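S.K.: Sequence first, then the predicted structure:
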Amino acid sequence: MAKHEIIPCERCGTPIECKANAYTKCQCSVVQLDLNEVQYISELYDGCLCARCLFELQQEYRDVVSS
């Protein structure tokens, strides 16, 4: 079994195992983002983010939209 690259989350620095070649098995796939949320996050960050940061940014976006 091939090992995946361990990289830091671009936002918080937490080490995450990048599984870009097996996205459905990647830790970030647990956060279901809609197109607007993806666009919002991609305007802020270029690299991989951990699931916790993705969830927090999703909530941040939803708070901005609802206010």
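M.R.: Sure, I can see it.

S.K.: Give the other helices and strands that the longest helix belonging to the chain contacts.
M.R.: In the chain, with assignment by DSSP state H, the single longest helix is helix 51-66. Contact analysis of helix 51-66 by 3 or more Cβ pairs under 8 Å, 6 or more residues apart in numbering; DSSP states H and E lists helix 35-44 as its packing neighbours. Using the backbone N, CA and C atoms, a C-beta is placed for each residue, glycine as well.

S.K.: What are the contacting residues of the helix it packs on?
M.R.: Residues outside helix 35-44 that contact it (Cβ atoms under 8 Å, 6 or more residues apart in numbering) are Leu33, Leu49, Leu54, Leu57, Gln58, Tyr61, Arg62, Val65.

S.K.: quick one: which of the residues you listed is most hemmed in?
M.R.: Of all the contacts of helix 35-44, Leu54 has the most neighbours under the rule other Cβ atoms under 10 Å, reaching 24 neighbours.

S.K.: Quick check: closest non-adjacent residue to it.
M.R.: Val31 (4.2 Å; Cβ to Cβ, 6 or more residues apart in numbering).

S.K.: now Cys53
M.R.: Cys53 sits nearest to Arg11 (Cβ to Cβ, 6+ apart), 4.3 Å away.

S.K.: what about that neighbour, distance to Ala22?
M.R.: 22 Å (Cβ to Cβ, to the nearest Å).

S.K.: Comparing the two, which residue is more hemmed in?
M.R.: Arg11 (18 against 11).

S.K.: Pretty sure that one sits in a strand.
M.R.: No: applying DSSP: H, G, I helix; E, B strand; the rest coil, one finds Arg11 to be coil, outside a strand.

S.K.: Was I right to think it contacts Ala51?
M.R.: No: between Arg11 and Ala51 there is no contact under Cβ atoms under 8 Å: 11.4 Å.

S.K.: Could you check how many residues crowd around Ile16?
M.R.: By other Cβ under 10 Å, the residues close to Ile16 number 23.
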